[in-house]
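Undergrad: just need the structure, nothing else, for what follows:
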Amino acid sequence: MSVPEGIAGASPGSRASAFYVHLQDPVKDRPPVELQLKHHRPSPRPLAERQAAAAERRNALEDLKVQELSVRLAKVALLTDRYHRHTTKSWLEARDRISRDMDAHVRRRTTQISNRLKHLSEHNDEVKARKEEARQERFLRKLAHLYEVKTESTISQFWGKL
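TA: Now for the predicted structure:
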């Protein structure tokens, strides 16, 4: 590093402050190659040709985007169709399962109700039979009571005549 002239006490081997080092180095006329702007000169092609090439590139990009969108739409349509088929299938399976369960439930309940009706009719027949037996028993008791009463009156009359 070189030290600026006129600085007292600065020897050629000593380090000077950064301030002086920066003042010492002159600004270069050109920046380094890496920092230089690269100026592109327009090609000598005519303007109409460049515009046609740009329009062709735009059309190619539009076609590419349309193709990508159509592929994405096809995927969406496929996924949507698959989803609708799956949900419709699951709904139909659920409906069939519910119908089967309901049919089985109706059969069980019908069997239970018919068994209860059978038992009730048997019980009703038993109750009617007991009622008839009780009625017959009451009738026979009344008859026996009348017979006893009549027999007693007949005996008392018989004893009374003697």
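Undergrad: distance of residue 129 from residue 115?
TA: 21 Å (CB to CB, to the nearest Å). C-betas here are computed from N, CA, C, even on glycine.
Undergrad: sketch out the low-pLDDT regions of this structure for me.
TA: 1-43, 155-162 (pLDDT under 70).
Undergrad: which one's the longest helix in it?
TA: Secondary structure of the chain per DSSP state H: the longest helix is helix 47-161.
Undergrad: elements contacting that helix?
TA: Contacts defined by 3 or more CB pairs under 8 Å, 6 or more residues apart in numbering; DSSP states H and E place helix 47-161 against no helix or strand at all.
Undergrad: please begin residue numbering at 2 from this point
TA: Okay, residue one is now 2; in that scheme the one you just asked about reads as helix 48-162.
Undergrad: please name the residues that touch residue 61.
TA: With contacts taken as CB atoms under 8 Å, 6 or more residues apart in numbering, residue 61 has no neighbouring residues.
Undergrad: one more: residue 145?
TA: Residues in contact with residue 145 (CB under 8 Å, 6+ apart): none are found.
Undergrad: that one and residue 139: what is the separation?
TA: Distance, residue 145 to residue 139, by CB to CB: 11 Å.
Undergrad: what of residue 48?
TA: On the measure of CB to CB, residue 48 and residue 139 end up 131 Å apart.
Undergrad: what of residue 84?
TA: Residue 84 is 80 Å from residue 139, by CB to CB.
Undergrad: repeat that for residue 97.
TA: From residue 97 to residue 139 the distance is 62 Å (CB to CB).
Undergrad: residue 94 now?
TA: From residue 94 over to residue 139 (counting by CB to CB), the distance is 66 Å.
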